[in-house]
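J.: make a model of this:
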Amino acid sequence: MTGRREAGESALATAAREIHEETGLTPASSDLIDLRYVHTFPLDPSRIPGFSGPRRPMFARETAFALRVPPGTHVRLDPSEHDLHRWCPVLEALEILPFAGLRRGLRIATGEAPPAAAHRE
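T.: Okay, the predicted model is just below:
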């Protein structure tokens, strides 16, 4: 999942808040695993709400965290934001994640790749 930092909010606090908002889970900050992976990528301005014509280049910066939950953990989605979730094996997740940065974060979380200070998609 991804989310936007609020003014004055740390990356860790953002991760905990977004997990709660997106899944209904309420992890303690100490439950979150900092993957030490931050990457920046360009945004397509035409996909930004309210887009109306040319804009200067825009970039997003993501900081990756992981959260381990017990098997069978129930997720409660906010239907105004999402209509589907599923637990799946790592190899399947790697196939369906749409962006290289998300796939790299998963590989780091599972120990398949070392963290990197920066990565561009």
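
J.: now the helices: where do they sit in this protein?
T.: Secondary structure of the chain by DSSP state H: the helices cover 11-23, 90-96, 100-109.

J.: burial-wise, tell me which of these comes out on top.
T.: Of all the helices of the chain, helix 100-109 has the most neighbours on average by mean count of other CB atoms under 10 Å, namely a mean of 19. (C-beta placed from N, C-alpha, C; glycine too.)

J.: save the helices of the chain as TSV, and put in mean pLDDT and distance to His82 too.
T.: As requested, the helices of the chain are exported to TSV (pLDDT from 0 to 100; distance: least, CB to CB, whole Å):
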stretch	mean pLDDT	distance to His82
helix 11-23	92	7
helix 90-96	94	15
helix 100-109	92	16
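
J.: figure out which of those helices is closest to Pro42.
T.: helix 100-109 (11.7 Å; CB to CB).

J.: so what does the longest strand along the chain touch, helix or strand wise?
T.: The residue-count maximum for a strand in the chain (DSSP state E) belongs to strand 32-43. If contacts are counted by 3 or more CB pairs under 8 Å, 6 or more residues apart in numbering; DSSP states H and E, strand 32-43 sits against helix 11-23, strand 58-67, helix 100-109.

J.: now for the longest one, which elements pack on it?
T.: Translated: helix 11-23. In terms of contacts (3+ CB pairs under 8 Å, 6+ apart), helix 11-23 is packed against strand 32-43, strand 58-67.

J.: can you add distance to Asp83 and give the ones you listed back as TSV?
T.: Converted to TSV, those look like this (distance: least, CB to CB, whole Å):
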stretch	distance to Asp83
strand 32-43	24
strand 58-67	22
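
J.: got those strands as JSON lines, with mean pLDDT and mean neighbour count columns?
T.: JSON lines is the format used below for the helices and strands packed on helix 11-23 (pLDDT from 0 to 100; neighbours: other CB atoms under 10 Å):
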{"stretch": "strand 32-43", "mean pLDDT": "90", "mean neighbour count": "16"}
{"stretch": "strand 58-67", "mean pLDDT": "90", "mean neighbour count": "15"}
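
J.: any idea which of those gets closest to Phe99?
T.: It is, among those and with distance given as CB to CB, strand 32-43, at 7.6 Å.
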